[in-house]
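Trainee: please find the sequence and the predicted model below.
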Protein chains: 2
Amino acid sequence: MNRPMLWGVAAALLVSAAAGAADDAADWRTVDPDNLMLIQTKYGTTAVELAPQFAPKHVERMKALIRAHFYDGLTFYRVIDGFVAQGGAGEDTAATANKPKNPENEKAWPKLKAEFEVPIPKGQAFAALGSPDLFAPRAGHVDGFPVGRDPKARTEWIIQCPGTFAYARDTDPDTATTEFYIVIGQAPRRLDRNLTAFGRVVSGQQYLQKLERGDPAVDSGVIADKSKQDVITSIRLASDLPADQRPSFQVMRMGTKAFAAWKANRRNPAPDFYKRHPTHILDICLSPVPSRSTPSGG
Amino acid sequence: MNRPMLWGVAAALLVSAAAGAADDAADWRTVDPDNLMLIQTKYGTTAVELAPQFAPKHVERMKALIRAHFYDGLTFYRVIDGFVAQGGAGEDTAATANKPKNPENEKAWPKLKAEFEVPIPKGQAFAALGSPDLFAPRAGHVDGFPVGRDPKARTEWIIQCPGTFAYARDTDPDTATTEFYIVIGQAPRRLDRNLTAFGRVVSGQQYLQKLERGDPAVDSGVIADKSKQDVITSIRLASDLPADQRPSFQVMRMGTKAFAAWKANRRNPAPDFYKRHPTHILDICLSPVPSRSTPSGG
């Protein structure tokens, strides 16, 4: 009964100040409800857009787990302030190597092959950041996702920015099963291409910030007292909800005037205010592409 | 009556996993209680080390305001997820330019001259990061603070990382009075040398993450409903508390073996786990120098 109300709160949020400036529907892409994931906790709903183009097998797994209601009632058991919020069953990752494994989970959800990077699709639209990046040979956006590219190897990957959604794993690269994390702090770029990233938060990042934290010095940040771990009420795909209860989000299209204006604003957001040493340098992780909510079923 | 208990909670926190590895007292500097600021909200205590060497007049002002109990009962009125938590009286800044000003405040706390950067003191110990930085000609640490340097101009400044404490201001540079902010998201480096930064969080950053958020698209993120703004219960200097109620924090000394080991770990935290593309690049804002709590009065 609470769900529509909580989604209403999320829907009332405007994610970016820049969003208001461009009101032309052609400037916005509606997120496919089949790729729109809704993570519910007592704090509110966090909406994540999944990116099958960057990790098809991981997205397939995530959708199967969601439809099996695997995550409902599980917890965010490893939450490290300034780093990541990790959720799931609390097993099968490097941080939970000492925890018992549920043999049924192991059987139902076998280890996935890593999808750390993918070949760059021919003709893919890529909005180059236009600023240097310390970690990726090139950085920019694809469909609103922050993306690194290696032009020599002709591969690309989603960058680990605040809001990036990825699967945790054990020490071996090909070991992700069911455990996920979302970045909640300064971009941990060392994770780029070391874990499979396949989504980003388009609304409700602030609810993740309210999650109970673990102590990174103890047990890799896993919260020992299970009663203190915040519960994942549910994870649903928008497409599985009745149309009238379905939240809808849009992401600003690259290549539009609105996108160019947004980017110019990011480079120099307030010329009167920033009088000294304007660098005009963009940090790929400080420039999340604007997203906005639209009326239900929109 | 609640205060000692809440501080006890903060004191129980170990800030960094690296801290446990080095247990030699000589590796740690105890924060001067006269520069240790304790910000109390209902969520917990956030401890900030003030840095008079980077902005003497701002630190002097902050201490005078604390001792006048200026902030007690005021609020965090502008909290933007992924950016800053701004607190104080809600006036006299660019974000609150349309709010009424209290003439008594204006008289008692006149506008400060900006202290965006200071001359590099002769012989000052500087631990160069050893990685490039996109924004500062040089980046490194001074007394545990993240610092940018311009060798040509021979100036330095505190970098705007998560946990950086600074004063807000109006459009003119020389307008800071009483309003402060703490960075709570991806480092907004465009603020470097555009606002006066003079401290950093040494414990309790996670409590700031629980603060009620404003909508950045509305009124610069100022929370319209005052009853929703989280209250600053109090701000105190540790030196003003009775010795037996005084929390104590230490910061890892630069130039020690422990510091070198910490930095090597930051460059390559888990060689077995990060098998691919280890970059060994450090981000100055992803590498807060370890701090730890010590027994009261220690």
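Mentor: Ah, there it is.

Trainee: tell me which residue lies nearest the centroid of chain A.
Mentor: Chain A has A:Arg200 as the residue nearest its centroid, 2.3 Å off, counting by CA atoms, centre = their mean.

Trainee: just say helix, strand or coil for that residue.
Mentor: strand (DSSP: H, G, I helix; E, B strand; the rest coil).

Trainee: hey, what's it bridged with?
Mentor: Beta-bridge partners for A:Arg200, by DSSP bridges, are A:Glu49, A:Thr164.

Trainee: can you check the pLDDT for it?
Mentor: On pLDDT, A:Arg200 comes in at 98.

Trainee: how far away is it from A:Lys107?
Mentor: Distance, A:Arg200 to A:Lys107, by CB to CB, to the nearest Å: 31 Å. All C-beta spots, glycine's among them, are computed from the backbone N, C-alpha and C.

Trainee: ditto for A:Arg189
Mentor: 35 Å.

Trainee: okay, now A:Ala94: neighbour count?
Mentor: Residues near A:Ala94, counting by other CB atoms under 10 Å in any protein chain shown, number 15.

Trainee: can you check A:Ala97 too?
Mentor: Neighbours around A:Ala97, by other CB under 10 Å: 12.

Trainee: so who does the nearest residue to it once chain neighbours are set aside touch?
Mentor: Counting by CB to CB, 6 or more residues apart in numbering or on different chains, A:Asp170 is the residue found nearest to A:Ala97 once chain neighbours are left out, at 6.5 Å. Taking CB atoms under 8 Å, 6 or more residues apart in numbering or on different chains, we find A:Asp170 in contact with A:92-94, A:97.

Trainee: compare A:Arg189 and A:Lys107 (neighbour count), which wins?
Mentor: Each of A:Arg189 and A:Lys107 has its neighbours counted (other CB under 10 Å); A:Arg189 has more, 22 against 8.

Trainee: and the closest residue to that one other than its chain neighbours, what's its pLDDT?
Mentor: Distances taken as CB to CB, 6+ apart place A:Phe135 nearest to A:Arg189, at 4.4 Å, with adjacent residues excluded. Here, the pLDDT recorded for A:Phe135 equals 93.

Trainee: right, and A:Phe135 touches A:Gly148 too?
Mentor: Yes - counting by CB atoms under 8 Å, A:Gly148 is a contact partner of A:Phe135 at 7.0 Å.

Trainee: any residues in contact with both of those two?
Mentor: Contacts common to A:Phe135 and A:Gly148, judged by CB under 8 Å, 6+ apart, are A:159, A:192.

Trainee: more neighbours, the two?
Mentor: The residue with more neighbours, out of A:Phe135 and A:Gly148, is A:Gly148; 23 against 18, by other CB under 10 Å.

Trainee: okay, A:Ser296: pLDDT?
Mentor: For A:Ser296, pLDDT reads 56.

Trainee: no wait, A:Asp92
Mentor: 79.

Trainee: what about it, which helix or strand?
Mentor: When elements are defined using DSSP states H and E, A:Asp92 is found to belong to no helix and no strand.

Trainee: thought it was touching A:Thr171?
Mentor: No - contact criterion CB under 8 Å: A:Asp92 and A:Thr171 do not qualify, at 11.3 Å.

Trainee: who has more neighbours out of those two?
Mentor: Neighbour totals were compared for A:Asp92 and A:Thr171, and A:Asp92 leads with 23 against 13 (other CB under 10 Å).

Trainee: which ones are touching the more buried one?
Mentor: A:101, A:105-106, A:169-170, A:175, A:177-179.

Trainee: buried only: go through those for me.
Mentor: Taking 16 or more other CB atoms under 10 Å in any protein chain shown as the criterion, what is buried in the contacts of A:Asp92 is A:105, A:169-170, A:175, A:177-179.

Trainee: tell me which two in those are the farthest apart.
Mentor: A:Asn105 and A:Arg169 (14.5 Å; CB to CB).

Trainee: can you give me the helices in the stretch 51-200 of chain A?
Mentor: A:56-67, A:103-108 (DSSP state H, counting those that start in this stretch).

Trainee: what sits up against the last one?
Mentor: Just to be clear, that refers to helix A:103-108. Against helix A:103-108 from outside (CB under 8 Å, 6+ apart): A:89, A:91-92, A:177-178.

Trainee: and if we set it to 10 Å?
Mentor: A:64-65, A:68, A:70, A:88-89, A:91-92, A:102, A:177-178 (CB atoms under 10 Å, 6 or more residues apart in numbering or on different chains).

Trainee: which of these sit farthest apart?
Mentor: Across the contacts of helix A:103-108 (CB to CB), the longest gap, 17.8 Å, separates A:Ala64 and A:Glu91.

Trainee: still on that earlier bit, so how far is B:Arg236 from the residue nearest to A:Arg189?
Mentor: For A:Phe135 relative to B:Arg236 (CB to CB), the value is 41 Å.

Trainee: can you check A:Ile184 too?
Mentor: 29 Å.

Trainee: for A:Ala125, same thing?
Mentor: Relative to B:Arg236, and taking CB to CB, A:Ala125 is found at 54 Å.

Trainee: compare those two (neighbour count), which wins?
Mentor: Legend: neighbour count by other CB under 10 Å for A:Ala125 and B:Arg236, higher for B:Arg236 (23 against 12).

Trainee: please enumerate the strands of the stretch 51-200 of chain A.
Mentor: A:75-79, A:84-88, A:118-119, A:127-128, A:138-142, A:145-150, A:155-158, A:164-167, A:180-183, A:197-203 (DSSP state E, counting those that start in this stretch).

Trainee: does any bit of the second one sit next to chain B?
Mentor: If I follow you right, that is strand A:84-88. No - Strand A:84-88 lies out of reach of chain B by CB under 10 Å from any CB of the partner chain, never closer than 10.7 Å.

Trainee: that strand pairs with which strands, and in what direction?
Mentor: strand A:75-79 (antiparallel), strand A:180-183 (antiparallel).

Trainee: next up, the contacts around A:Ile159.
Mentor: Per CB under 10 Å, 6+ apart, neighbours of A:Ile159: A:133, A:135-136, A:139-141, A:145-148, A:183, A:187, A:189, A:191-193, A:197, A:200, A:284-285.
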